[in-house]
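**Student:** Make a model of this:
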Amino acid sequence: MHAYEMIFIVHPSVDEDGLAAVIDRVKTLIERDGGKIDAVEPWGSRRLAYPIQKQWDGRYVLIRFDLPADQVTSLKRDLGLTEEIMRHLIVRTEEEPKAKPADG
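**Tutor:** From the prediction side, this is the model:
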């Protein structure tokens with residue numbers, strides 16, 4: 001399994017309960033594919049640099065998770081089919097280097 005970070009933008013018309021439902025749905029998609037959620041960080045509503053689907057605002061959510069590499073394509077497809085998510089980006093994070101004992 002590899003470590004990933006995903007940020008997605010939820011349509012601004014989605015209320016707080018709807019946002020929680022979207023986050024739960026995304027978490028379910030990750031866990032269904034054999035992943036493990038490390039952290040979920042809702043960033044709140046922010047202004048977009050350019051309009052997406054004719055919207056200038058969106059609700060940002062960051063999720064850190066572990067997932068088998070062969071399941072990322074399936075996750076991307078499922079996120080693209082989720083109507084409330086306007087845009088998403090998944091990046092593989094670097095592993096933290098292990099500390100070596102000092103010589104001397």
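
**Student:** what ranges do the helices span in the chain?
**Tutor:** 16-32, 72-80 (DSSP state H).

**Student:** Output those helices in a markdown table, with distance to residue 63 appended to each entry.
**Tutor:** Placement of C-beta: from N, CA and C, glycine included. Shown next, in a markdown table, are the helices of the chain (distance: least, Cβ to Cβ, whole Å):
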| stretch | distance to residue 63 |
| --- | --- |
| helix 16-32 | 7 |
| helix 72-80 | 11 |
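
**Student:** Go through this protein and flag its longest strand.
**Tutor:** Counting by DSSP state E, the longest strand found in the chain is strand 36-52.

**Student:** Tell me which other helices or strands it touches.
**Tutor:** Applying 3 or more Cβ pairs under 8 Å, 6 or more residues apart in numbering; DSSP states H and E, one finds that strand 36-52 contacts strand 2-10, helix 16-32, strand 55-67.

**Student:** With just CA atoms, put the longest one into PDB.
**Tutor:** Output in PDB follows, covering the C-alpha atoms of helix 16-32 (Å, rounded to 0.1, in the frame of the first residue of the first chain):
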ATOM      1  CA  GLU A  16     -23.200  20.900   6.300                       C
ATOM      2  CA  ASP A  17     -25.100  17.700   6.500                       C
ATOM      3  CA  GLY A  18     -24.600  17.100   2.800                       C
ATOM      4  CA  LEU A  19     -20.900  17.800   3.100                       C
ATOM      5  CA  ALA A  20     -20.700  15.200   5.900                       C
ATOM      6  CA  ALA A  21     -22.500  12.700   3.700                       C
ATOM      7  CA  VAL A  22     -20.100  13.400   0.800                       C
ATOM      8  CA  ILE A  23     -17.100  12.900   3.100                       C
ATOM      9  CA  ASP A  24     -18.600   9.600   4.400                       C
ATOM     10  CA  ARG A  25     -19.200   8.400   0.800                       C
ATOM     11  CA  VAL A  26     -15.600   9.200  -0.200                       C
ATOM     12  CA  LYS A  27     -14.300   7.400   3.000                       C
ATOM     13  CA  THR A  28     -16.500   4.400   2.100                       C
ATOM     14  CA  LEU A  29     -15.000   4.300  -1.500                       C
ATOM     15  CA  ILE A  30     -11.500   4.300  -0.100                       C
ATOM     16  CA  GLU A  31     -12.200   1.600   2.400                       C
ATOM     17  CA  ARG A  32     -14.100  -0.500  -0.100                       C
END
